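K.L.:
My questions concern the predicted model and sequence given below.
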Amino acid sequence: EFKNKNDQLVSLSDLEGNLVYIDVWASWCKPCIKEIEHSNKLQQKLNKYDIKFVNICIQTDSIKWLNLIKEKSFNGIQLFCKLEELTDFKKNYLIEGLPRYIILDKTGRIIDFNAKKPSDLTLEEDLIRLSTIK
């Protein structure tokens, strides 16, 4: 559970029934920022599928987080990981570096903890295939 930009708590379990593509990023991470435009384009292409794009910002000041998602018009569900939540989150989702991309199946289980980045041309096909699995 993390808070979104409207200060509401969002749980990944709330997204069950959808394929979930998680982007773990930070405001200081240049490769992370570079992928935002690709992520936005991918989300537009795949908006008719049962795929939720969740962007979880870590190791960042909340003001910088809010400013960056506004500046970059970052689409998807925007969540913020507070410093006191970081250790458990990194351990539970096997996060060792940034950026990190994770795919959860429709039941919320991790099916890829080292998924392709949004700029990878084969990711779109993978997400479509995974989203159509019953």
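P.N.:
Received the coordinates, thanks.
K.L.:
Give me the pLDDT for the most far-flung residue of the chain relative to its centre.
P.N.:
Computed with C-alpha atoms, centre = their mean, the maximum C-alpha offset from the centroid of the chain is found at residue 134, amounting to 22.1 Å. The per-residue pLDDT reported for residue 134 equals 72.
K.L.:
Excluding sequence neighbours, find me the nearest residue to residue 98.
P.N.:
residue 29 (4.7 Å; C-beta to C-beta, 6 or more residues apart in numbering). For every residue, glycine as well, the C-beta is placed using N, CA and C.
K.L.:
Which parts of this structure are helices?
P.N.:
30-45, 62-71, 83-92, 123-131 (DSSP state H).
K.L.:
can you redo those helices as JSON lines with mean pLDDT and mean neighbour count?
P.N.:
Compiled in JSON lines, the helices of the chain are given as follows (pLDDT from 0 to 100; neighbours: other C-beta atoms under 10 Å):
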{"stretch": "helix 30-45", "mean pLDDT": "98", "mean neighbour count": "16"}
{"stretch": "helix 62-71", "mean pLDDT": "96", "mean neighbour count": "15"}
{"stretch": "helix 83-92", "mean pLDDT": "94", "mean neighbour count": "11"}
{"stretch": "helix 123-131", "mean pLDDT": "97", "mean neighbour count": "16"}
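K.L.:
Dump those helices into CSV; add distance to residue 104 as well.
P.N.:
CSV is the format used below for the helices of the chain (distance: least, C-beta to C-beta, whole Å):
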stretch, distance to residue 104
helix 30-45, 16
helix 62-71, 21
helix 83-92, 12
helix 123-131, 10
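K.L.:
can I assume the residue nearest to residue 98 is in contact with residue 68?
P.N.:
No. The pair residue 29 / residue 68 is not scored as a contact, 10.6 Å apart, by C-beta atoms under 8 Å.
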